[in-house]
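In: Give the three-dimensional model of this entry:
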Amino acid sequence: MVNQTLTPEEKIENLGLKLKPVRKPAGNYVGYVRTGNLIYTSGQGVDEYHGKLGRDLDVEEGYLASRQSMLNLLSVIKHEVGELSKVKRIVKLLGFVNSTEMFTDQPKVMNGASDLLVEVFGEKGKHARSAVGMAQLPNNTAIEIELVVEVEE
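Out: Next comes the predicted model:
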């Protein structure tokens with residue numbers, strides 16, 4: 001029996017998840033910038049989860065929202081490079097959490113995105129990360145994430 005390695009897209013499918021079409025920027029900017037072998041994404045929110053963590057949403061819902069935001073970001077990366085197997089390394093994730101003043105579990109919320117990256121890319125998915133609380137995010141989205149990815153040239 002041959003040991004077949006799954007592509008990142010197949011891993012996403014095996015998790016019961018799907019990449020969606022790339023969302024259009026909401027203003028006068030682009031969804032990503034590529035310079036050399038690095039891709040810097042604009043922030044991606046989510047359509048399904050709105051409100052503040054600690055009031056409207058709990059940590060589990062925030063975790064799911066950050067996974068969805070990461071799927072949106074992976075759609076952007078795939079759009080640029082054609083296939084996610086060209087990802088050499090996830091470099092940095094910056095996660096913004098729409099949260100109440102008393103909510104302090106932003107890292108637990110961002111684990112949804114981080115866990116997904118490791119599930120899809122293995123060691124290449126381990127990354128530097130910041131998770132911060134925000135007083136408000138555009139359209140009252142629960143989550144917004146930016147990503148820096150190194151890709152094969």
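In: Okay, now the sheet partners of the strand ranked longest in the chain, with direction.
Out: Secondary structure assigned by DSSP state E gives strand 87-98 as the longest strand of the chain. The strands that strand 87-98 pairs with in its sheet are strand 128-134 (parallel), strand 143-151 (antiparallel) (by DSSP bridges).
In: Tell me how far Lys78 lies from Gly95.
Out: 20 Å (Cβ to Cβ, to the nearest Å). Every C-beta, even on glycine, is put in place using the N, C-alpha and C of the backbone.
In: got it, and Glu48?
Out: 17 Å.
In: Compare those two and say which is more crowded by neighbours.
Out: Taking neighbours as other Cβ atoms under 10 Å, Glu48 and Gly95 compare with Gly95 leading, 28 against 12.
In: Nearest spatial neighbour of the more buried one, chain-adjacent residues omitted?
Out: Met110 (4.0 Å; Cβ to Cβ, 6 or more residues apart in numbering).
In: wait, what's in contact with the one you found?
Out: Counting by Cβ atoms under 8 Å, 6 or more residues apart in numbering, Met110 makes contact with 66, 93, 95, 97, 129, 131, 145.
In: switch to 10 Å and redo it
Out: 62-63, 66, 69-70, 93-97, 129-132, 143, 145 (Cβ atoms under 10 Å, 6 or more residues apart in numbering).
In: how about the nearest residue to the spatially most central residue of the chain, chain neighbours excluded?
Out: The chain has Met70 as the residue nearest its centroid, 2.0 Å off, counting by Cα atoms, centre = their mean. With Cβ to Cβ, 6+ apart as the criterion, Met70 has its nearest non-adjacent residue at 4.0 Å, and that residue is Ala113.
In: taking the mean pLDDT, what do you get for the lengthiest helix in the chain?
Out: Longest helix in the chain, counting residues (DSSP state H): helix 59-81. Averaged across helix 59-81, pLDDT comes to 98.
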